[in-house]
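**Student:** here is my input; please provide its structure:
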Amino acid sequence: MDDLTSTSLNQNQHIEAELGLRGEVHSLQADCRMKELDRPNRIREFSLKRMVELMELEQEYKRRERGEKTHPPFFSCENLSTV
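**Tutor:** Predicted structure coming up:
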């Protein structure tokens, strides 16, 4: 009878461990799916930032062509460090 109880206890422990591992795998798969869905948003955000930087550079260049005094962009890292 002790062998049967021991075997049953072992099976229960293995089942619990397997369920825990399956839960972890499920969680990791969900995280992976969320990262895959977020990738296009990060790419779009990066592209928009580059476009803004290019537009600011273009505006500064045009000001210099006209001989106007140039100012650093309002939202630059240099401005933030002096605040």
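
**Student:** how deep is residue 63 tucked in, by neighbour count?
**Tutor:** 13 (other CB atoms under 10 Å). Quick note: C-beta positions are derived from backbone N, CA and C, even for glycine.

**Student:** no no, residue 20
**Tutor:** 10.

**Student:** do the same with residue 56
**Tutor:** With other CB under 10 Å as criterion, residue 56 counts 15.

**Student:** any idea which element it lies in?
**Tutor:** For residue 56, the host element (DSSP states H and E) is helix 2-66.

**Student:** off-centre distance for that helix?
**Tutor:** 7 Å (CA atoms, centre = their mean, to the nearest Å).

**Student:** how about stretch 58-70?
**Tutor:** With CA atoms, centre = their mean, you get 37 Å for stretch 58-70.

**Student:** buried residues in it?
**Tutor:** Of all the residues in stretch 58-70, not one is buried under the rule 16 or more other CB atoms under 10 Å.

**Student:** mean confidence (pLDDT) on it, please.
**Tutor:** Computed over stretch 58-70, the mean pLDDT rounds to 85.

**Student:** any regions of the chain where pLDDT drops low?
**Tutor:** Residue ranges of the chain with pLDDT under 70: 1, 69-83.

**Student:** name the SS class of residue 68, please.
**Tutor:** Three-state assignment for residue 68 (DSSP: H, G, I helix; E, B strand; the rest coil): coil.

**Student:** right, I'll call it a day here.
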